[in-house]
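> Return atomic coordinates for the entry below.
(one chain, ligands or ions: 2)
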Amino acid sequence: MKKIPVWMDCDTGTDDAVAIMLAHSLAELDLLGISTVCGNTTQDHAFHNTHGLNGLMGTAYPVYRGAEKPLLKELLISTAFHGENGLGNVELPIPENAVFLQEKAWDALYACASRFPQELRLVATGPLTNVATAFLKYPDLPQLLHSLCIMGGSAGAGNITPAAEFNIFVDPQAAEIVFHSGVKLVMFGLDVTLQEMLTATDLEELRLSGGKAGSFTHACLQCALQSVKRYGLNGVSMHDSCPVMHLVHPELFEGEEAGVVVETRGSVTNGKTVTDLYSDKQFPFKNALVMLKVDADAFIRILKKQIVSLG
Ligand code: RIB
Ligand code: CA
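Ligands and ions are numbered 1, 2, ... in the order given. So this is what the prediction gives:
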């Protein structure tokens, strides 16, 4: 079976960590590299956490540092949800054999895409700072990629503000560059990611499964679980696992082509992904496949099975 070449760009926080474990567990995928971006946490923590995941999984995925801050805005970090260190204050030690690569995220990503012309699937699960930087430095990269699947945006309400989803809000300028780059873009926004969640019961099942991956998932999401209980929710959405799951199980998802524009100048609406999905007025372009539905039961069933399979 020919594996699907994948590169992940993550602000390795808790659900990013679960998405990386999911990608590793899916035999159909060939995870070629992971780059780190600031968002859920600082670049230092995201980089450390991603190396720590290599230690947890017993892997040696190459990890590349990216941006230390958004293109224009000051860095906004959500410690309430992801804890001080980005992993719910669970410390993953950096493995002794860790190699601290000096190549920057955008350069390494371009080199990898050049080795797999029109085949590499880029999955971005954090703010789009690294992706935008890569597209600005290498104008042929959007067409060199097979596609870009992002966790970000929302056709409806936001989460970090009433209008904007966190990843886009942190760096709207980067998002605007990416949305207008011409890349084949699949957007997994809150519209679809909030349909699924790992409940407290699911997390307890993962803890009792006895494996390190299950125990870690349970432990790192406790902070987020307490945080969402304030809104009457009994589970944590695995936002970042959606684009990864779609690579292997597209049948679980439904979406529509749409025109999407990022609001970069508004104050109340800053970072809003404005789509023409439901309006009479249509944008003169369709620049994203916006995912709107997921079979949540199947999604969670497969996600739990894959985490347990890691032992
Ligand atoms: O809005 C959800 C997104 O913000 C997820 O990627 C989560 O990890 C945070 O980065
Ligand atoms: Ca993320």
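
> need the helix or strand of this structure with the lowest average pLDDT.
Ranking every helix and strand in the chain by mean pLDDT, DSSP states H and E puts helix 79-82 at the bottom, with a mean of 86.

> Just the residues contacting that helix, thanks.
Outside helix 79-82, the residues that touch it by C-beta atoms under 8 Å, 6 or more residues apart in numbering are 13-14, 40-41, 88, 223-224, 227. (Each C-beta comes from the backbone N, C-alpha and C, glycine too.)

> same thing with stretch 166-175?
Against stretch 166-175 from outside (C-beta under 8 Å, 6+ apart): 11, 38-39, 70-73, 75-76, 78, 124-129, 131-133, 150-153, 158-161, 164, 262-264, 270-273.

> Skipping its backbone neighbours, what lies nearest Pro162 in space?
Nearest residue to Pro162, sequence neighbours excluded (C-beta to C-beta, 6 or more residues apart in numbering): Val268, at 7.7 Å.

> Verify the stated contact: the one you found with Ala164.
No: Val268 is beyond contact range of Ala164, at 9.5 Å (criterion: C-beta atoms under 8 Å).

> These two: which has the busier surroundings?
Counted by other C-beta atoms under 10 Å, Val268 and Ala164 do not tie: Ala164 has more neighbours, with 28 against 10.

> May I have the least confident helix or strand of the chain as CSV, with CA atoms only?
Provided in CSV are the C-alpha atoms of helix 79-82 (Å, rounded to 0.1, in the frame of the first residue of the first chain):
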residue,chain,number,x,y,z
THR,A,79,-3.0,28.8,29.4
ALA,A,80,-6.5,28.3,30.9
PHE,A,81,-7.2,25.6,28.4
HIS,A,82,-3.9,24.0,27.6
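
> That helix: which residues count as buried?
Residues of helix 79-82 classed as buried: 81-82 (neighbour count, 16 or more other C-beta atoms under 10 Å).

> Off-centre distance for that helix?
The chain centre lies 16 Å from the centre of helix 79-82; the measure is C-alpha atoms, centre = their mean, to the nearest Å.
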